[in-house]
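1. What would the 3D arrangement of this be:
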Amino acid sequence: MAIHPLAGTRPTATMLANIPELITAYFDARPDTDDPAQRVAFGTSGHRGSSLKRSFNEAHILAIAYSICVHRKRHGVNGPLFLGMDTHALSVPAFGSVLEVLANNHVDIMIAPNNGYTPTPAVSHAILTYNRGRTTGLADGIVITPSHNPPEDGGIKYNPPHGGPSETALSHAIEATANEFLPCATDEIGRITAEQARKLSTTHLHDYVSAYVADLANVLDMDAIRAAGIRIGIDPLGGAGVDYWDPVVERYGLNIEVVNREVDATFRFMPLDWDGRIRMDCSSPHAMANLIAMRQDYDVAFGNDADHDRHGIVTPSVGLMNPNHYLAVAIDYLFTHRAQWSAAPAVGKTMVSSSLIDRVVAARGRTLMEVPVGFKWFVAGLHAGKLGFAGEESAGASFLRRDGSVWTTDKDGMLLGLLAAEIRAVTGKDPGKLYEELTQQHGTPYYARTDAPATREQKARLGKVKPQQVHRATFAGEKIERILTNAPGDDNPLGGIKVMTKNAWFAARPSGTEDVYKIYAESFLGPEHLQRVQWEAQALVDEVLGA
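-> All right, here's what the predicted structure looks like:
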């Protein structure tokens, strides 16, 4: 992976998104419904695209919003809908389009005051808080966000009454219905103006900030953080949680400094990512260069992506932590510092997360639940309190309240950032140091992800591969112990393959957007062995695909 020469530096004026052009294209451009790239396509986190590519335009959002109305009625969801948006330029017009359709369909809509921004975890929290103890009139939610994607992109995702990402079958149904209406969406889908919608009795202002902030003491030891007086640095990366931190300081008396409060749809303040593009990726050392440079100013610091469902933890000892490393530390800490949790809750991880987690979980006497890629696979376990912690390698995680009940069923980057502060306050050590201690006990993992070219046909074959197609007994110098094409935690298809030995593993999955497959690899035998794992992984997959 070639690193752009300007990675980690601020963009020049010519690199910034043309916001008026984006907004104009949102309303004026019409998608070609015969082009698959311009149709509605729900991935692991809803539909994403760009108005300039005719993949995120008014027609898409009207069709998706109407499709959600159809499926709400079909499934008997008739409670309020919590509607939020992040700070991407296209989020504002898309929010208006959704509001127009929902209001015309007599949906009770909960929106932030003053056109405020709302993080994904605040929407999940609001859904679950409203639904607690109810069996009818259940609430659901929509978040307008493309997550950490570049400023030119837009996104929309639906969270049903369980509060988390919609399950595969529901996502496919919403996508299919939306595509039926896409060709005529702007002309035939009923709506009223956003101004009219805001005046209706079915449109309600909801204080997401106060509700979320006031409840934090029930999931984190805020008293310990305050008593320790640790210095906490926070960079919202221009995202939806920028206005949440002053209320946290006022309520809990924490020593927090928000290092950048700027919200600008061009994200001109963001250091360029590895490829020279602006991307609010809080797990990228290039995008997080500003906060990393301040690491010695704080006992712990963190950043979040645009909708604040992901976290990036920065410590004085190691700088930006690898997401896998922090997940292991968080799991080890929580399962030794939550006295009210029973012995029953398990730990959820995705198939491509570090095996260090497996070793930590085993050492703590807990059960591991390994699932395919995507946070949706954790929703039921978190909702029922059967998963104490659930996390994925892409820096998304959530965990239970202190009493063992559900907090959120979607990723919560703000929560994981504040957990790092609790860890520092309670243990006296930053999470980077604690990771080093874990490696002394369990070994040091070396982890990497690479891409390999693949045709559309090869990707399709990889997605349906079976264990018996692997004709090897050894891999990277060790005996193959397991070959997985279904997740051991829930038996759902991995959409690829995972091969495991005693000290290493690799997983291969087809990309949903590019003609490549992704290879995730890890070794506990050193960086040179990791390279061997990567080389042999590509050769093995090529054999399976008949390359």
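
2. what number of residues lie near K479?
-> 9 (other CB atoms under 10 Å). No exception for glycine: its C-beta is placed from N, CA and C like everyone else's.

3. what pairs with it across the strands?
-> Beta-bridge partners of K479, counted by DSSP bridges, are T474.

4. what's it in contact with, if anything?
-> Contact partners of K479, counting by CB atoms under 8 Å, 6 or more residues apart in numbering, are A473, T501, K502.

5. Dump stretch 314-328 to PDB, restricted to CA.
-> Below are the C-alpha coordinates for stretch 314-328, written out as PDB (Å, rounded to 0.1, in the frame of the first residue of the first chain):
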ATOM      1  CA  VAL A 314      -4.300   7.900  21.800                       C
ATOM      2  CA  THR A 315      -2.000   7.300  24.800                       C
ATOM      3  CA  PRO A 316       1.300   8.900  25.900                       C
ATOM      4  CA  SER A 317       3.000   5.500  25.800                       C
ATOM      5  CA  VAL A 318       2.200   4.300  22.300                       C
ATOM      6  CA  GLY A 319       0.300   7.100  20.500                       C
ATOM      7  CA  LEU A 320      -2.700   5.800  18.500                       C
ATOM      8  CA  MET A 321      -3.500   2.300  19.600                       C
ATOM      9  CA  ASN A 322      -4.300  -0.400  17.000                       C
ATOM     10  CA  PRO A 323      -8.100  -1.100  17.400                       C
ATOM     11  CA  ASN A 324      -7.400  -4.800  18.100                       C
ATOM     12  CA  HIS A 325      -5.000  -3.900  20.900                       C
ATOM     13  CA  TYR A 326      -7.500  -1.600  22.600                       C
ATOM     14  CA  LEU A 327     -10.300  -4.100  22.300                       C
ATOM     15  CA  ALA A 328      -8.200  -6.700  24.200                       C
END
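
6. And it, what's buried?
-> Within stretch 314-328, the residues scored as buried using 16 or more other CB atoms under 10 Å are 314-316, 318-328.

7. Quick check: G46 vs L434, distance?
-> Counting by CB to CB, to the nearest Å, the gap from G46 to L434 is 34 Å.

8. Looking at these two, which has the bigger crowd around it?
-> G46 (25 against 21).

9. what's the nearest residue to that one if we skip its chain neighbours?
-> K157 (2.9 Å; CB to CB, 6 or more residues apart in numbering).

10. Now do the SS call for the one you found.
-> strand (DSSP: H, G, I helix; E, B strand; the rest coil).

11. doesn't I142 make contact with it?
-> Yes: using CB atoms under 8 Å, K157 is in contact with I142, at 7.2 Å.

12. can you list the weak-confidence ranges in the chain?
-> The model of the chain has pLDDT under 70 over residues 1, 513, 547.

13. Grab the longest helix from it for me.
-> Determined from DSSP state H, the single longest helix within the chain is helix 527-545.

14. Which of the residues in it are classified as buried?
-> Residues H529, L530, R532, V533, Q534, E536, A537, Q538, L540, V541, V544, L545 are the ones in helix 527-545 that count as buried (16+ other CB under 10 Å).

15. Select, from those residues, the two members most distant in space.
-> H529 and L545 (24.3 Å; CB to CB).

16. What segments of the stretch 151-300 of the chain are strands?
-> With DSSP state E, counting those that start in this stretch as the criterion, the stretch 151-300 of the chain has strands at 153-159, 203-205, 232-235, 256-258, 300-304.

17. Show me what the third one packs onto, helices and strands only.
-> Meaning strand 232-235. Here strand 232-235 touches strand 256-258, helix 289-293, strand 300-304, going by 3 or more CB pairs under 8 Å, 6 or more residues apart in numbering; DSSP states H and E.

18. So for A380, which of these sits nearest?
-> Closest approach to A380 among those is made by strand 300-304 (25.4 Å; CB to CB).

19. Alpha carbons of stretch 221-238, in PDB - could you do that?
-> Coordinates of each C-alpha in stretch 221-238 appear next as PDB, following Å, rounded to 0.1, in the frame of the first residue of the first chain:
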ATOM      1  CA  ASP A 221     -17.500   4.900  36.600                       C
ATOM      2  CA  MET A 222     -17.600   8.700  36.200                       C
ATOM      3  CA  ASP A 223     -16.800   9.300  39.800                       C
ATOM      4  CA  ALA A 224     -13.500   7.500  39.500                       C
ATOM      5  CA  ILE A 225     -12.600   9.500  36.400                       C
ATOM      6  CA  ARG A 226     -13.400  12.800  38.200                       C
ATOM      7  CA  ALA A 227     -11.600  11.800  41.400                       C
ATOM      8  CA  ALA A 228      -8.400  10.900  39.500                       C
ATOM      9  CA  GLY A 229      -8.400  14.300  37.800                       C
ATOM     10  CA  ILE A 230      -6.800  12.900  34.700                       C
ATOM     11  CA  ARG A 231      -6.400  15.100  31.600                       C
ATOM     12  CA  ILE A 232      -8.500  14.000  28.700                       C
ATOM     13  CA  GLY A 233      -8.100  15.200  25.200                       C
ATOM     14  CA  ILE A 234     -10.900  14.800  22.700                       C
ATOM     15  CA  ASP A 235     -11.000  15.500  18.900                       C
ATOM     16  CA  PRO A 236     -14.500  15.000  17.500                       C
ATOM     17  CA  LEU A 237     -12.900  15.300  14.000                       C
ATOM     18  CA  GLY A 238     -15.600  17.700  13.100                       C
END
